[in-house]
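Enquirer: Attaching a predicted model along with its sequence, questions to come.
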There are 2 protein chains.
Amino acid sequence: MAKNLKLKAARAEKDMTQAQLAQAVGATRQTINAIEKGEYNPTIRLCRAICRVLGKTLDELFWEDEE
Amino acid sequence: MAKNLKLKAARAEKDMTQAQLAQAVGATRQTINAIEKGEYNPTIRLCRAICRVLGKTLDELFWEDEE
DNA sequence: ACATTTTGTCAATTATATTTTACTTTTTGT
DNA sequence: ACAAAAAGTAAAATATAATTGACAAAATGT
């Protein structure tokens, strides 16, 4: 898995820290960090929560052409 | 979580059984069944695999407005 | 009606997502 | 340069996704 820079950018666009995003979606800072780092396979529910907070779609933040 | 009828419909459109879809995405029939039943929180990687096989996007098959 | 396929469901086990605690490194602002 | 905040990282524990095997219920075709 590659780094999720789209997520990182969307978070920056909202001026949120990893800790703030984590709290907003009910996860931990480490989980958010791991997702951005790209070495993670989060659940769809968490992905949806992140999308809602950042105002993005699943396709925008979590699609990958190659797995 | 509600039943995932969009997934069920997309699978029907491809004329695939749950078992066939499961094999195509490298999962078990029970997992596919549970996802369609809606009482499940699959990983994003499995969701992406399903989308690729069925020719749909994450937003089309796995978005939910209310959680 | 009958046989066959598909779906639904359950219990037990395994794999892994997520948490917790803690520490180091990098970034940001003054 | 310094202090503070944010990000990166790691090990151990917990929660839960996913598998395996097996059987019942429903759907489909002849």
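Expert: Happy to help now that I have it. Treat the numbers as computed from the prediction; the structure is a model and nothing was measured.
Enquirer: A:Leu54: neighbour count?
Expert: When counting by other Cβ atoms under 10 Å in any protein chain shown, one arrives at 21 neighbours for A:Leu54. Yep, even glycine has a C-beta here, placed from its N, CA and C like the rest.
Enquirer: what's the closest non-adjacent residue to it?
Expert: A:Ala10 (4.4 Å; Cβ to Cβ, 6 or more residues apart in numbering or on different chains).
Enquirer: where's the one you found, which helix or strand?
Expert: A:Ala10 is part of helix A:5-13, with elements assigned from DSSP states H and E.
Enquirer: For that helix, give me every contacting residue.
Expert: A:Gln18, A:Leu21, A:Ile35, A:Glu36, A:Ile50, A:Leu54, A:Gly55, A:Lys56, A:Glu60, A:Leu61 (Cβ atoms under 8 Å, 6 or more residues apart in numbering or on different chains).
Enquirer: any chance of these in a markdown table, plus distance to B:Asn41, secondary structure and pLDDT?
Expert: Shown next, in a markdown table, are the contacts of helix A:5-13 (distance: Cβ to Cβ, whole Å; DSSP: H, G, I helix; E, B strand; the rest coil; pLDDT from 0 to 100):
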| residue | distance to B:Asn41 | secondary structure | pLDDT |
| --- | --- | --- | --- |
| A:Gln18 | 22 | helix | 98 |
| A:Leu21 | 19 | helix | 98 |
| A:Ile35 | 15 | helix | 98 |
| A:Glu36 | 21 | helix | 97 |
| A:Ile50 | 14 | helix | 98 |
| A:Leu54 | 20 | helix | 98 |
| A:Gly55 | 22 | coil | 97 |
| A:Lys56 | 20 | coil | 98 |
| A:Glu60 | 21 | helix | 98 |
| A:Leu61 | 17 | helix | 98 |
